[in-house]
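Undergrad: Task: produce atomic coordinates for the following.
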Amino acid sequence: MIVGALVLALVSLIVAIRDRAMGMVLLIGFGVLELAVLVQAGVTIAAAVSGEGPQEKVTLYGYLVGTALIPLAGVGLALAERSRWGSGILVVAGFAIAVMTGRLLQIWQGTA
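TA: Okay, the predicted model is just below:
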């Protein structure tokens, strides 16, 4: 999922540099990313409920909720801002998903 989010961020950057608004490719890409984030959240919650993962679950759940909201908020703002800045919002959203997913992995492993 980290690679997919970074690829979407890169494509969004190219679209923004070309001075274009978000198109269907980015909309579908972020829809697929949202689906992947929701599947990850479901699997993580199921594993955490069964006793796996870190003892402190509040931070884990907070990151899961935040990660699930970022693609929705990014696409919503990009649809409202039909210029290159809407695509710029998606660059930030894609990068944020990649970083938060990496952080979730650290939290799960107990390394941070």
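
Undergrad: Quick one: end-to-end length of stretch 49-66, please.
TA: End-to-end distance for stretch 49-66, by CA to CA, to the nearest Å: 19 Å.

Undergrad: And the contacts of that stretch?
TA: If you take CB atoms under 8 Å, 6 or more residues apart in numbering as the criterion, stretch 49-66 is touched by 40, 41, 44, 45, 47, 48, 100, 103, 104, 107, 108, 110. Where C-beta positions appear, they are placed from N, C-alpha and C, glycine not excepted.

Undergrad: go on, stretch 75-93?
TA: Contacting residues not belonging to stretch 75-93 are listed as 8-9, 12-13, 15-22, 26-27, 30-31, 70-71, 73-74 [CB under 8 Å, 6+ apart].

Undergrad: got the buried residues for the helix or strand in which residue 77 is found?
TA: Take DSSP states H and E as the rule and residue 77 turns out to sit in helix 58-80. Going by neighbour count (16 or more other CB atoms under 10 Å), the buried part of helix 58-80 is 60, 63, 64, 67, 68, 70, 71, 74, 75, 77, 78.

Undergrad: Phi, psi for residue 18 please.
TA: Backbone geometry at residue 18, expressed as degrees, to the nearest 10, gives phi -80, psi 0.
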